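Student: the amino acid sequence is not available; the structure is as follows:
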């Protein structure tokens, strides 16, 4: 199975699994967001990309169209409600409806809590948490069952929020992102409950681990740490953007139609791992010594007198 951006032929899914679907992706012009856009398009969906940098959006749209994918791009900032409203409405105006919203826009940088200003903390929450809610809020009327552009007999749409695993325990120099992604996970569960019940909208998340060839990995983990860190990874390697896109395809397709309110961890089990305190050979030796002491121990001991 091939990985990476050119791996459409290695997909385990049928090429038309998202045929007829329209997806809007924030942060969809670069990194993990672009790979999801690419794979959604290769599997039949029309995609709209939203981002702050026009040149990046234009380049991504051009690349997608060169592959025969229906794609359009809109410049906008998820922190601004007017931008969110305009991009959602423009997507529906261009493609006629909206079926899938992917919230992949995010901000991050390494910083100690004492060196992080309240404004810096707020900025990341505004992009990751508030921005995610704002996009969901503006997309609701188009995603809900019977909404504009949807057949009255059809089910509701689907929302996918890209999260992280940082807040499942604790992470050095990531207090702002940990707080933001914890909020995103809570938002995912709450909207899954309320909008799933009221509007037949599924809301799920994906929490990627270290993903190779992304700005996040190169910016947040120096190469020497990446190389050494592999010994602590259960699968001994970083993931690929393709891995995240395949998980997104699963959740967005009918294969995931009964999954709601879940955030799937896609990190090879890294969030479970801890450095070994003892080498495996030392553990085996210790176990043999414990077993030997158990065999040598008398079966019964004299009962003490009362």
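Tutor: In hand now; what should we look at? Keep in mind it's a predicted model, so treat the numbers as computed, not measured.
Student: low-confidence regions, the stretch 51-200 of the chain specifically.
Tutor: In the predicted model of the stretch 51-200 of the chain, residues 152-153 satisfy pLDDT under 70.
Student: switch to 80 and redo it
Tutor: Scanning the stretch 51-200 of the chain for pLDDT under 80 picks out 151-154.
Student: how about residue 262, what does it touch?
Tutor: For residue 262, the contact set (C-beta atoms under 8 Å, 6 or more residues apart in numbering) comprises 192, 204, 205. Yep, even glycine has a C-beta here, placed from its N, CA and C like the rest.
Student: which element is the second one on?
Tutor: Translated: residue 204. In this structure, residue 204 sits in strand 202-208 according to DSSP states H and E.
Student: parallel or antiparallel, list what pairs with that strand.
Tutor: When pairing is defined by DSSP bridges, strand 202-208 lines up against strand 158-162 (parallel), strand 263-266 (parallel).
Student: go through those and name the closest to residue 94.
Tutor: Nearest to residue 94 among the strands paired with strand 202-208 is strand 158-162 (19.3 Å), distances taken as C-beta to C-beta.
Student: what comes up buried for whatever helix or strand comes next after that closest one?
Tutor: As assigned by DSSP H and E, the chain's next helix or strand after strand 158-162 is helix 175-199. For helix 175-199, the neighbour count (16 or more other C-beta atoms under 10 Å) marks 175-185, 187-189, 191-192, 195, 199 as buried.
Student: confirm that residue 73 sits in a helix.
Tutor: No - according to DSSP: H, G, I helix; E, B strand; the rest coil, residue 73 belongs to no helix; its state is strand.
Student: picking up where we left off before, now distance to residue 18 too, for the contacts of residue 262, in TSV please.
Tutor: Shown next, in TSV, are the contacts of residue 262 (distance: C-beta to C-beta, whole Å):
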residue	distance to residue 18
192	20
204	15
205	19
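Student: show me the helices in the stretch 201-306 of the chain, by range?
Tutor: Shown for the stretch 201-306 of the chain, the helices assigned by DSSP state H, counting those that start in this stretch span residues 215-220, 223-229, 241-252, 280-296.
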